[in-house]
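Undergrad: Okay, sequence plus prediction incoming.
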Amino acid sequence: MEKNGILDPDDWGAFRVEARRMLDAAISQMQVARDRPWQPVPEDLEARYAIGQADQGDLVARLVEEVLPHHGGNIHPRFWGWVQGTGLASDLIAGMAAAAVNANCGGRDHGANRMERAVIDWTRQAMGFAEGASGVFTSGTSQATVLAFQAARVRAVPDLRQSGQGDRRLTAYAGAGVHNATLKALELLGIGSQNLRRVPLRDGQMDPQALRAMLAEDRAAGAMPFLIVGTAGSVDLGLFDDLNALADLAAAEGLWLHVDGAFGAWTRLAEPPWRGLSDGIVRADSLALDFHKWMYVGYDCGLVLMRDAAAHRAAFAARPSYLAGAEAGLAGGEPWFCDYGIDLSRGNRAIKVWCALEMFGAAAFAAAITDNCRQAAQMAAQVEARDGFALMHPVVSNICVFTAAAEETPERQSQINTQIAMALQLTGSAVFSTTDVAGTTCLRAAITNHRTRDEDITAALDAVQEMRLRV
């Protein structure tokens, strides 16, 4: 129907009824998530989504029938394929409040910016950073990494924003298994992927001795080392660098230490021994992490913390006349988050975290994170107890990597494990991903799922064992 530019409902009472129908359906989706694994997407679904092609009648019914069933699988308790969070019931409440207010968190004086500062401060304390550290919410660790690297680059080259990098060859250093977000950030900033130096690992951690030698070699060749990237939770195996050793080295060499803690930073909330994995994280110059991974909130929701607030602001602050602040009124409310990142228009991501912490309490998240680590260890123990199964690396945190065909050649193991992963996904039994270890494609469970229960571990491995007999 032609609306003549009026975009509010004609009948708010009728809209209220429809909105409640949608809320009930969304709650049911979460309540019975165990019964709703991933399923293959119907071939005609994209055509049904085409704008203006379908009957405009019952929008809520279309959402329930054509959207809710076709999720990415991560709401299910046996989804461990990739490091993805599961979403929380509190997200529904947060989403409604955020939509009603429609806050732009780039700046100005309103409640959403103060909420973001409160959640940043809670995270700062959880990570052990000193009062006065700075932070800004991002879409995720990939964006957070770009912001951190830019701050590191501006510290290394103070006139960078005005004069550019020039012919300086800046070099960065990370362990051999560093996440691709580091590579992308260096490419986006014009530093170049060839200037990411991959440091060999020793016992699963970046080798400080090898790093020192590489720094000396690069400086002798005219390069300008500026950044070390430590890993708190590698994506393949869940490994952690010795962050204290890296902090010592960074301080001695005058380099910026960044920590990729996308999911692993949250071991700071876990019980021993897992909490100790991220010891030293407080000494980082910057830390990137995600709430939408191991804090389970809905997408997207990341954060970068920086120890030096002045260095953070120096990398991004820019206030043209149309963004001038004021002592009072809507143009007040310093600091503005647009001075701490690349976004001027920003939604209220912090509200999801705030609602989650207020609804469940921080202790509940600590218990869930600890449970996930314990469940990965439980999976490892069961793998070692089953004939034909073998761990491909000891479990360090929340990731278990194994083969279901240990008696076969590496090539045949790779084929079998790949087929098992796909078959289990298609049947809805469980979602494992695959990764390569020493040339063999293995099954990988990354457990960042608050809905997983101990019995899911056993049931999933039973399904692997049964599928092994068929492939």
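TA: Cool, the structure landed.

Undergrad: So which residue is smack in the middle of this structure?
TA: residue 290 (3.8 Å; C-alpha atoms, centre = their mean).

Undergrad: how about the strands of this protein, start to end?
TA: Here the chain has its strands, by DSSP state E, at 134-138, 170-175, 196-199, 201-202, 205-206, 224-231, 256-260, 286-290, 302-306, 390-391, 399-403, 433-437, 440-446.

Undergrad: Please work out which of these is packed deepest.
TA: Among the strands of the chain, strand 286-290 has the highest mean neighbour count (mean count of other C-beta atoms under 10 Å), at a mean of 30. Any C-beta I mention is one placed from the backbone N, CA and C, and that applies to glycine too.

Undergrad: follow-up on the earlier one: want to try JSON lines for the strands of the chain, with mean pLDDT and distance to residue 425 as columns?
TA: Formatted as JSON lines, these follow (pLDDT from 0 to 100; distance: least, C-beta to C-beta, whole Å):
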{"stretch": "strand 134-138", "mean pLDDT": "98", "distance to residue 425": "30"}
{"stretch": "strand 170-175", "mean pLDDT": "98", "distance to residue 425": "30"}
{"stretch": "strand 196-199", "mean pLDDT": "97", "distance to residue 425": "32"}
{"stretch": "strand 201-202", "mean pLDDT": "95", "distance to residue 425": "31"}
{"stretch": "strand 205-206", "mean pLDDT": "96", "distance to residue 425": "33"}
{"stretch": "strand 224-231", "mean pLDDT": "98", "distance to residue 425": "28"}
{"stretch": "strand 256-260", "mean pLDDT": "98", "distance to residue 425": "27"}
{"stretch": "strand 286-290", "mean pLDDT": "98", "distance to residue 425": "23"}
{"stretch": "strand 302-306", "mean pLDDT": "98", "distance to residue 425": "26"}
{"stretch": "strand 390-391", "mean pLDDT": "98", "distance to residue 425": "22"}
{"stretch": "strand 399-403", "mean pLDDT": "98", "distance to residue 425": "17"}
{"stretch": "strand 433-437", "mean pLDDT": "96", "distance to residue 425": "9"}
{"stretch": "strand 440-446", "mean pLDDT": "98", "distance to residue 425": "12"}
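
Undergrad: need those in a markdown table with distance to residue 336, can you?
TA: Listed next are the strands of the chain as a markdown table, based on distance: least, C-beta to C-beta, whole Å:
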| stretch | distance to residue 336 |
| --- | --- |
| strand 134-138 | 10 |
| strand 170-175 | 29 |
| strand 196-199 | 32 |
| strand 201-202 | 41 |
| strand 205-206 | 37 |
| strand 224-231 | 27 |
| strand 256-260 | 24 |
| strand 286-290 | 20 |
| strand 302-306 | 16 |
| strand 390-391 | 50 |
| strand 399-403 | 39 |
| strand 433-437 | 40 |
| strand 440-446 | 36 |
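
Undergrad: Could you point out which of the ones you listed sits nearest residue 189?
TA: Nearest to residue 189, of all those, is strand 170-175, at 8.8 Å by C-beta to C-beta.

Undergrad: What helices and strands are in contact with the closest one?
TA: Packing contacts for strand 170-175, counted by 3 or more C-beta pairs under 8 Å, 6 or more residues apart in numbering; DSSP states H and E, involve helix 141-156, helix 180-188, strand 196-199, strand 205-206, helix 208-220, strand 224-231.

Undergrad: thinking again about what came up before, list the contacts for the residue nearest to the centre of the chain?
TA: Shown in contact with residue 290 (C-beta atoms under 8 Å, 6 or more residues apart in numbering): 85, 140, 141, 262, 263, 301, 302, 303.

Undergrad: Look up the residues forming beta bridges with it.
TA: Using DSSP bridges, the beta-bridge partners of residue 290 come out as residue 302.

Undergrad: can you tell me how far it sits from residue 448?
TA: Residue 290 sits 10 Å away from residue 448, taking C-beta to C-beta, to the nearest Å as the criterion.

Undergrad: which residues do these two both contact?
TA: The contact sets of residue 290 and residue 448 overlap at 85, 263 (C-beta under 8 Å, 6+ apart).

Undergrad: Nearest to residue 422, out of the strands of the chain?
TA: strand 433-437 (9.0 Å).

Undergrad: Within the sheet, what are the partner strands of the closest one, with directions?
TA: Strand 433-437 has the following sheet partners, assigned by DSSP bridges: strand 440-446 (antiparallel).

Undergrad: Which residues does the strand it pairs with contact?
TA: 80-83, 235-236, 238, 376, 379, 392, 398-404, 410, 413-415, 417-418, 420-421, 432-436, 460, 464.

Undergrad: still on that earlier bit, please convert the helices and strands packed on strand 170-175 to TSV, extending it with distance to residue 32.
TA: Formatted as TSV, the helices and strands packed on strand 170-175 follow (distance: least, C-beta to C-beta, whole Å):
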stretch	distance to residue 32
helix 141-156	31
helix 180-188	34
strand 196-199	45
strand 205-206	42
helix 208-220	50
strand 224-231	37
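
Undergrad: Could you list the alpha-carbon positions for stretch 431-443 in CSV?
TA: Taking Å, rounded to 0.1, in the frame of the first residue of the first chain, the C-alpha atoms of stretch 431-443 are listed here in CSV:
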residue,chain,number,x,y,z
VAL,A,431,29.2,-29.3,13.9
PHE,A,432,33.0,-29.9,13.9
SER,A,433,35.2,-27.9,11.6
THR,A,434,38.5,-29.2,10.2
THR,A,435,42.0,-27.9,10.4
ASP,A,436,45.5,-29.2,9.3
VAL,A,437,48.1,-30.5,11.8
ALA,A,438,51.4,-31.7,10.5
GLY,A,439,49.9,-32.3,7.0
THR,A,440,46.8,-34.1,8.2
THR,A,441,43.3,-32.7,8.1
CYS,A,442,41.7,-33.2,11.5
LEU,A,443,38.4,-32.7,13.2
